[in-house]
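1. heads up, no residue letters with this:
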């Protein structure tokens with residue numbers, strides 16, 4: 001499976017950054033509810049993990065909220081390989097706006 005790795009800088013307190021990122025995940029799940037199923041999200045401190053199915057494909061990954069940056073790492077379905085750059089750019093743009 002292709003790996004997804006996105007690091008987004010921020011200048012927020014860690015708790016604020018975490019709250020915004022959690023909100024982004026919830027919003028994305030609501031927006032794409034017809035394309036996403038079996039989604040789970042769990043948090044242990046400042047590290048979150050997620051898994052589910054997007055358009056029929058299994059997706060999973062982690063979110064690490066650190067002082068000064070948020071790292072989003074995941075596994076993409078093989079069918080999404082050609083869209084990896086676009087997916088990373090979309091995540092970077094949305095997370096960047098939330099963390100600004």
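-> All right, it came through fine. Owing to the predicted nature of the structure, the values given are computational and were not obtained by experimental measurement.
2. Any idea how far the helix or strand where residue 96 lies is from the middle of the chain?
-> When secondary structure is defined using DSSP states H and E, the element that contains residue 96 is helix 84-99. Relative to its parent chain, helix 84-99 has a centroid offset of 9 Å by C-alpha atoms, centre = their mean, to the nearest Å.
3. which secondary structure elements does it contact?
-> Helix 84-99 is packed against strand 3-9, helix 14-31, strand 69-75, with contacts defined by 3 or more C-beta pairs under 8 Å, 6 or more residues apart in numbering; DSSP states H and E. Where C-beta positions appear, they are placed from N, C-alpha and C, glycine not excepted.
4. Could you list the low-pLDDT ranges of this structure?
-> By pLDDT under 70, the low-scoring segments of the chain are 26, 29.
5. what about residue 64, distance to residue 77?
-> 22 Å (C-beta to C-beta, to the nearest Å).
6. what does residue 57 give?
-> From residue 57 over to residue 77 the distance is 4 Å, taken as C-beta to C-beta.
7. Over to residue 33?
-> Taken as C-beta to C-beta, the span from residue 33 to residue 77 is 19 Å.
8. More neighbours: which of residue 57 and residue 77?
-> Just comparing residue 57 and residue 77: by other C-beta atoms under 10 Å the higher neighbour count belongs to residue 77, 16 against 13.
9. Is residue 50 bridged to anything, and to what?
-> On the basis of DSSP bridges, residue 50 is bridged to residue 41, residue 61.
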